[in-house]
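Colleague: Can you look at this prediction? I've put the sequence above it.
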Amino acid sequence: MAKQPFTKQALSLPAQIALLRTRGMLIQDEQFALQTLQHISYYRLGAYWLPFEADHASHGFKPDTRFETVAGLYAFDRALRLLVLDAIEHVEVALRTQFTHQFAIAYGPHALSDPGHFQPSHARWAHPSALEQLAKDVGDSKEVFIKHWRNKYSDPLPPIWSAVEIMTLGQLSRWYANIKASADRNRIARVFDCDETVLVSFMHHLAIVRNICAHHSRLWNREFAFTFKLPRTRPAAVVGGLHLASPRNLYNTLAMLACLLDGMHQSASWKQQWHQLIAKHKPPLHAMGFPADWQVRPIWRL
């Protein structure tokens, strides 16, 4: 098909509301719709009314599609992202802690600089490049503890416990994934009651999820291109709670987070907030890959 120039023009807020009505959306409170579109763009909100379209070509809506329902789904997704970020924070900080502790105890404060501890270069990893990026980040960092180190010491890099704290989650997951010895990876993973291949995969996945949340992108019904390796034996608490039929949806991510939080004794409040969120918004859970019996699975018990 030959490409065509883009000719659509921007619409005023009243014109946006009129367009939605011609397509079949019910808007009972026009002032609420105007206020919503004033702060959430038509284009962004469109990702949330897409499931309500009967025909995407004409953008016609299914009967009884209400603007308030779409706005409520957006509010749910925002609250969901914040709750997921809260869980990721606990897991991320714990991984930083164990990566630092296990490596520093075994190999000393400058273990990151030794290429012998890491995989040889391959298509997605090169220790010299990773080290160069880390040195750049150290040089650019405005963190007080990094400034103190730069002013006091002559080493090319700070000790591992400082360096790890300025890595992004994506960088941390790559450093962990490329530890050379599986025994070293497993020493870290066993703290989370995981096999190292599962934890490596899940941390890569979490870095993607965290970026989605941090950029305020749609999360609730997203299908992930990269799915993490589902555990078969450990953590035992999550194995029976996974939904194997929906590997690309959010459910398994949430179940794994709940399990890891259990291991850190951080899950009670988080699970309670999850149940409250569901009760308040009543979102269509099937779009997140939730099995029909999710509430009776042990992983979700308070």
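Modeller: Cool, the structure landed. None of these values were measured; they are calculated from a predicted model.
Colleague: And the helices in the stretch 101-250 of the chain?
Modeller: 127-140, 144-152, 160-163, 169-177, 182-189, 196-214, 236-239 (DSSP state H, counting those that start in this stretch).
Colleague: any idea which residue sits dead centre in the protein?
Modeller: What sits nearest the mean C-alpha location of the chain, by CA atoms, centre = their mean, is residue 209, with 1.9 Å.
Colleague: Can you report how many residues lie near residue 151?
Modeller: 7 (other CB atoms under 10 Å). Every C-beta, even on glycine, is put in place using the N, C-alpha and C of the backbone.
Colleague: what residues are up against the closest residue to residue 37 other than its chain neighbours?
Modeller: Once flanking residues are discounted, residue 37 sits nearest to residue 13: 5.2 Å by CB to CB, 6 or more residues apart in numbering. Contacts for residue 13 (CB atoms under 8 Å, 6 or more residues apart in numbering) come out as 34, 37-38.
Colleague: Can I get the buried part of the residues you listed as one ChimeraX selection?
Modeller: Burial among the contacts of residue 13 is assessed by 16 or more other CB atoms under 10 Å; the matching ChimeraX selection reads:
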select :37
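Colleague: mind putting the contacts of residue 13 in TSV, pLDDT included?
Modeller: Formatted as TSV, those follow (pLDDT from 0 to 100):
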residue	pLDDT
34	97
37	97
38	96
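Colleague: coming back round to it: per-residue pLDDT, the residue nearest to residue 37?
Modeller: For residue 13, the model assigns a pLDDT of 97.
Colleague: do the one 10 residues further on as well
Modeller: Confidence per residue is given as pLDDT, and for residue 23 that number is 96.
Colleague: Let's test this: what are the backbone torsions at it?
Modeller: Main-chain dihedrals, residue 23, degrees, to the nearest 10: phi -90, psi 0.
Colleague: Could you look up the SS state of residue 35?
Modeller: Following DSSP: H, G, I helix; E, B strand; the rest coil, residue 35 is assigned to helix.
Colleague: need the contact list for residue 277.
Modeller: Contacts of residue 277 by CB under 8 Å, 6+ apart are 76, 79-80, 83.
Colleague: Equivalent analysis for residue 24, please.
Modeller: Residues near residue 24 by CB under 8 Å, 6+ apart: 54, 60-63, 65.
Colleague: can you list the residues you listed in a markdown table and add secondary structure and neighbour count?
Modeller: Output for the contacts of residue 24, formatted as a markdown table (DSSP: H, G, I helix; E, B strand; the rest coil; neighbours: other CB atoms under 10 Å):
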| residue | secondary structure | neighbour count |
| --- | --- | --- |
| 54 | strand | 13 |
| 60 | strand | 14 |
| 61 | strand | 20 |
| 62 | coil | 12 |
| 63 | coil | 8 |
| 65 | coil | 19 |
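Colleague: and of these, the nearest to residue 244?
Modeller: For these, the closest approach to residue 244 (CB to CB) belongs to residue 62, at 30.2 Å.
Colleague: Spatially nearest residue to that closest one (excluding sequence neighbours)?
Modeller: Nearest residue to residue 62 in three dimensions, chain neighbours excluded: residue 54, at 4.6 Å (CB to CB, 6+ apart).
Colleague: does residue 95 really touch residue 172, like I thought?
Modeller: Yes - using CB atoms under 8 Å, residue 95 is in contact with residue 172, at 6.5 Å.
Colleague: Distance of the residue nearest to residue 62 relative to residue 229?
Modeller: Residue 54 sits 38 Å away from residue 229, going by CB to CB, to the nearest Å.
Colleague: now swap in residue 299 and tell me
Modeller: 18 Å.
Colleague: Comparing those two, which shows the higher neighbour count?
Modeller: It is residue 299, of residue 299 and residue 229, that has more neighbours when counted by other CB under 10 Å, with 20 against 14.
Colleague: doesn't residue 243 make contact with residue 289?
Modeller: Yes - using CB under 8 Å, residue 289 is in contact with residue 243, at 5.7 Å.
Colleague: For those two, list the residues in contact with both.
Modeller: 249, 251-252.
Colleague: can you pick the most crowded of the residues you listed?
Modeller: Highest count within the shared contacts of residue 289 and residue 243 by other CB under 10 Å belongs to residue 252, 25 neighbours.
Colleague: ok, residue 244 - contacts?
Modeller: Residue 244 neighbours (CB under 8 Å, 6+ apart): residue 230.
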